[in-house]
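1. here's my sequence, what's the structure:
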Amino acid sequence: MRYRVTGGSSGVSGIDVADKRYEAGDEIDLTAKQAEWLLDQGYVEPLETTKKKGAPVVESTPEATIEPTVEDN
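-> Model (predicted):
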């Protein structure tokens, strides 16, 4: 799952995962096991990746009427 580094309580803390450093605002893929304590301590937050089931919602726009105009030459 994808997460965003929050910076912890200070807002500036980074995290180290698999010998790589991630700073506040960075996005990272973590397993549930990796993310568990980071979520609990407020160092990461899940990104919105929820998929809604069912047909997609399609918004319709009103039909436009185009009327010819007469120009004086």
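2. how close does V5 sit to A24?
-> V5 is 5 Å from A24, where distance means C-beta to C-beta, to the nearest Å. In this view, the C-beta of every residue, glycine as well, is placed from N, C-alpha and C.
3. repeat for I15
-> 9 Å.
4. and the two? which has more neighbours close in?
-> I15 (22 against 16; other C-beta atoms under 10 Å).
5. so R2 touches E48, yeah?
-> No - counting by C-beta atoms under 8 Å, R2 does not reach E48; the two are 9.4 Å apart.
6. out of those two, which sits in the busier spot?
-> Using other C-beta under 10 Å as the criterion, R2 and E48 rank with R2 on top: 13 against 6.
7. and that one, how far from D26?
-> 11 Å.
8. can you show me the helices along this structure?
-> Assigned by DSSP state H, the chain shows helices spanning 32-40.
9. and the closest residue in space to Q41 that isn't next to it in sequence, how far from P68?
-> With sequence-adjacent residues excluded and distances taken as C-beta to C-beta, 6 or more residues apart in numbering, Q41 is closest to G8, at 6.9 Å. Distance of G8 to P68, computed by C-beta to C-beta: 64 Å.
10. more neighbours: the two, which one.
-> Neighbours per residue (other C-beta under 10 Å) separate G8 from P68, with G8 holding more: 16 against 4.
11. and that one, what does it touch?
-> Contact analysis of G8 by C-beta atoms under 8 Å, 6 or more residues apart in numbering lists Q41, G42, Y43.
12. what are the ranges of the strands in this protein?
-> 2-5, 15-17, 20-22, 27-29, 44-46 (DSSP state E).
13. and those: which comes nearest E63?
-> strand 2-5 (39.9 Å; C-beta to C-beta).
14. packing partners of that closest one?
-> strand 27-29, helix 32-40, strand 44-46 (3 or more C-beta pairs under 8 Å, 6 or more residues apart in numbering; DSSP states H and E).
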